[in-house]
Every structure is written in C-alpha cells, then in structure tokens.
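J.: What follows is a predicted protein model with its sequence.
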Amino acid sequence: MSLLERIDASSEPEIEQGKRLIRAGGQSGLSLGGRLARGLNALTGKMPLRLGSRPALKLAAVPKDPVLGDKAVGEALLGGLIVRGSEEMALDGLDFARGGLSPALFDYLHSFAWLRDLAAAATREKGGRLAEKMIRHWLEAFPPSPEDPSWRYDLWGQRILFWTAYAPYILSSRDPAYRSALLTTLARGARFLDRRADRAPLGLPRITAWGGLLAAALLVEGGQIRLGRAESGLIRSLGEALHDDGGLTSRSPVEQLGLVELLGQLRAVYISGQRDMPERLQNALTGSVSALLGATLGDEALSSWQSGNMASKRRLAAAIEGSGVAARPLRQPRGWGYQRLTARSAIVILDGAPPPPSTAFAGGCASTLAFEFSDGLSRIVVNCGGPGDWAGLLSPDLIHALRFTAAHSTLVLGDRNSTAILEDGLLGKGVRQVELAREDDAGTARLEGSHDGYVRRFGLMHRRRLILAADGRELKGEDDLVARRRRRRGEPIPFAVRFHLGPAVEATTTADRQGALLRVRGGSAWQFRCRGGALDIEDSLWIDGKGRARGASQLVISGETPPDGMAISWLFQRAA
C-alpha cells in the first residue's frame, strides 16, 4: 500500500461549489498565529533563559530522532566519504574552518544532520568513535565570534536538536574534558538563541532557532523553568510564518518538508521530557503535514515549486512517518495555494496564488496558474524546478532563469514573466490577485483560475480552466486571454503555452502540428491535441532530487493574440 493510501481521512476547508476564492498578493497569512498565540503570553515570563553560571554538564532526557537517516550516506561516511546529494568530499583532512564549501555541504556539516545518517548505518559504539572524532575537530575550529556563518541562528537550532538526540553517540566518551566542552558549547548556544532567536530571518530559520531553544529548555538541566518563554517564541514564529491552512508563507514545498521534520523532532523532545506537546503546536504539526502531502505527486515525491525540486522520496516518507500524524493531503488550500485534483491514478497540482513576497522567500517564482500532472508513478507534465536544498550546484544564471514563467507549465504572454523577477533577485510588479473556482461533480474535477499579471502591461487577463475526468484518463484545458482594459496600440501580442514534460516522456508531433504522441518510459502512452496555435517540441531541462539538471522536452503552443484576446484549448488523453 502506498504512502498516500495509508493516510487517514481528515476534514479540510473547501471552496464551496458555486463560490469563488480570491487570493490577493502581499498578505502574510497570519491568522494561524493569532490562534496559536492566544492566551499563551499569560503563561510565560519575560526573563531570559539561563542555564546556570557554571557549565551544564548533564542532560535531563535524551529524545529519539523520529526521522530515519539515509543508511547509504551513513555507510559512505564510515568509509571516509561525506556525501550530500551529488557532492562528495573525503573525510580525511576535513577542516571545519575552511571556506569554499557549497551552502548545502556547509549546512550539512555544521548543523550535524550527518549524525542522523551515521546512526542509520552504525551501532552506537562504531558510529560514536567517528562522531566523537569529528566533533573534537569541530570544537577546535569553532570560532568565538557570533558573526561567523557557523553561528547562524537556524544552524544553532539544528545543532542543539541533533546533539541532544544523538547524545549516546557523542557523549559516551570517558574523557570528561571533552564532554564538558561539548555541553558547555551547547549551553552557550542556548544562551545565544535566548538573546537573539528573534533576529533570525522570518520563516523556517526563525522557527528552527526557537525550536533549538525549546529543546535546550526541556532537555538541559536547569532550563525547564524558562520553558514557557521558548514555547512562546516558537508559537509566535510559527504564527508569523504559517498560513491558516498549515502552509508556509514561503510557499516552498522543500521548506515545508524541513518544517515537518523539525516539528516531528520537537514532538519527540516533548515525549522524552514527559510533557504533552501544546495543542497549538500539535495543530501546527498536523496542518503542516497536510499541506506538504498536498504538494506530492503520484510517485510520492514533491512537485517542483518555488525554486524547489522533487527532493528525496525516501526523506519525504521518513518525515511523514516521523511526524506521528495521519493527515489527508490538502486539496483546496487558502494561502498555501497548491490546488490538488485527483482521479484514480491521476494527480494534478496547480499554483493558485501569487508568488510569495520577497520578505518570506528569496527564491519566489513567477509560476501562477502553472500545473504539474502525474499518472501513477509517471510524471507527465512538470515544471523545470530549481536547486532546492542544493544551492551552489547550479550556476547563478540558471537558478535565476528557473524562476521565470517560461520555466513552468503555463502561458507566457509577450515573452514576459507574469510577475517581474528583478536582477537583484527580488520580485517586481505582476500578479496581485488570483481568483479561483472549482467544482467536483460525479468524480469529475473542474478548476478555473485567473490572474492579473499581464493586465498592467498588455491589458489582458490570463484565465485557465482544467477538467480532470473521473477515470483519470483525460485532462482537458483551456487558456483564455481576456481583455480587461483598452490598449493604446492594437498590434498582436505573441504567446506561448508551455508544457514541460517529465524526463521519462518522449514526444513526437503529428503532421498537422496540432497534436503529439507521448511515450512514457515504464508507463502508459498519451495523446495530446490542441487548437489556437501551432505546436512544436522544444528542448527543456528538469532538476532532479539531487539538484542535477537533466535533459527533457517541452510541448509549446505558440501564436499571436489580437488585442481583445483569444482562447487556446488542449487535451491530454491516455492512449491505452
């Protein structure tokens, strides 16, 4: 039975039939925060957490990390090789103080997330020897200045969580000086977070920082008297970063996966501390799992949105399992924005919201009304994706281009992005409002969405309709360009409707340039037909779960629209 089939049904907010959901850009979706924080301030004091004037030399409890590590990566580490995605580095001569590491490898080493993988491959005795050796080197190299990148707030939060969860691996030494140095450093990190956690960037980094302080308050002797302060900070940071449907305001499925892992670890911290996780935090965990599942395709991996990629299917399964939550994939979100249509083995996910504000996420994409489509384990239509956790493996120019509307499966008008992406990486003018309506009738799912990203420049609104048949064998679509104001000049405007194909899909056009045959390696064949433009097959690329660019193809319907707009219709139909 698949992961999604093992998820129990639960209630979720829906767009009532005949009603419309309007999403406006620039809103931070703080309604969850209001509910989470209600009444909590009365429980907390304002004095900073102090773990004592002398070094804290004992943990009150040791939690079990609920997320299983990658055994193959742990075995490579035992063999002297650090593996992170498609990167490899020899363990011999490792210098924690040296520069030049990619962001992904730097974070992996300095967060101590590698302890999770090591524990998946080795016993405490065998893995402990290597872990202690690496930590000794880290302690020798750790700089005293909080301005160093290794002092980053979220890294300290992760470090405390991993050190406490894997204390049997790193604190079994008979050397009291080593144990004291490690625990003193942990206590120092907790004091640092106590003073500065709210300086961390909004979103997952700040949540992680407060999560580390919460773990220290529950697990380090002497810290529990200030538990309320840590809980208050964590709940406040969640309220600042979450929409009321459980999705992060960054709208990044890769970040959402990190959030689920973090909240799952904190749940384990409460269990080890023999305390109940506050209801507000438990609700945040449940909502975050539902939102995360809503962004998965039939192969049980993530769809590619907001500079992310499919990530690791194994990691996703481990995070859901480790959360202890049984939740249904969110189909009709509010702020999270990823509308989900399902029929038998077919899944369609459409981006039904404006891009995230630059204050919430630095890698926001102009992907409004793009969609991804899978049939069983096969990805038929995708977006090009992005580096996700593997920043540094792709060139900056490519990462920038992957944020464009043209890198997503949607309509591009006048060769412009629906939301401007500026040279400095920030988002400019574009989509401000998205209007949605959906209907489910006898198993047939209908979804209509529109955005105003092209109205200011071209006077045309983009409206997209999707109809997924009840048997999952047919997906109909129509892209309309609707006049919303008179243009000064009446020349035609070029358009292109792009359908980026999964890397396992081979396409051949028909002689009339109105259709194509899609052969899916290991899956079913599909037919594609269109009206309203000429069909071509062009080269594309797709970023896999390890941040590597893979060659792919795309179907492109192109033409010119008159000033008062037009309609382009298309159809995917399973051939057998």
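T.: Cool, the structure landed. Numbering: from 1, shown residues only.
J.: Would you mind measuring from Y166 to D539?
T.: Distance from Y166 to D539, counting by C-beta to C-beta, to the nearest Å: 46 Å. C-beta coordinates here come from the backbone N, C-alpha and C atoms, glycine included.
J.: Of the two, give the one with the bigger neighbour count.
T.: It is Y166, of Y166 and D539, that has more neighbours when counted by other C-beta atoms under 10 Å, with 25 against 8.
J.: Skipping adjacent residues, who's closest to that one in space?
T.: Nearest non-adjacent residue to Y166, counting by C-beta to C-beta, 6 or more residues apart in numbering: L115, 4.2 Å away.
J.: Wait, a strand at I537?
T.: Yes. Judged by DSSP: H, G, I helix; E, B strand; the rest coil, I537 forms part of a strand.
J.: Please report phi then psi for the residue lying closest to L413 once chain neighbours are set aside.
T.: The shortest distance from L413 to any non-neighbouring residue, by C-beta to C-beta, 6+ apart, is to Y454 (4.8 Å). Main-chain torsions, Y454, degrees, to the nearest 10: phi -110, psi 0.
J.: returning to what we had before: number of nearby residues for the residue nearest to Y166?
T.: 25.
J.: Repeat that for G547.
T.: 24.
J.: Look up the pLDDT of it for me, please.
T.: Listed pLDDT for G547 reads 93.
J.: same deal with the one 5 residues further on?
T.: Taken from the predicted model, the pLDDT recorded for A552 is 98.
J.: Next: R485.
T.: pLDDT, R485: 75.
J.: Who are the contact partners of it?
T.: Contacts here follow C-beta atoms under 8 Å, 6 or more residues apart in numbering; on that basis R485 touches V455, G459.
J.: residues near V254, how many?
T.: Counted with other C-beta under 10 Å, the neighbours of V254 add up to 24.
J.: what does D479 give?
T.: 23.
J.: Check the contact between it and L411; I expect there is one.
T.: Yes. Between D479 and L411 there is a contact at 4.8 Å, judged by C-beta atoms under 8 Å.
J.: so what sits against both of those two?
T.: Common contact partners of D479 and L411 (C-beta under 8 Å, 6+ apart): H462, R464, V497, I568.
J.: quick one: which of the residues you listed sit in strands?
T.: Using DSSP state E, the members of the shared contacts of D479 and L411 that fall in strands are H462, R464, V497, I568.
J.: and the residues you listed as TSV, adding distance to A76, neighbour count and pLDDT?
T.: Below are these laid out as TSV (distance: C-beta to C-beta, whole Å; neighbours: other C-beta atoms under 10 Å; pLDDT from 0 to 100):
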residue	distance to A76	neighbour count	pLDDT
H462	47	26	98
R464	45	23	98
V497	44	24	98
I568	49	22	98
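J.: counting contacts, what elements does the helix or strand where R159 lies pack onto?
T.: Assessed by DSSP states H and E, R159 sits inside helix 153-165. Secondary-structure packing of helix 153-165 (3 or more C-beta pairs under 8 Å, 6 or more residues apart in numbering; DSSP states H and E): helix 103-111, helix 114-121, helix 176-196, helix 204-219, helix 253-272.
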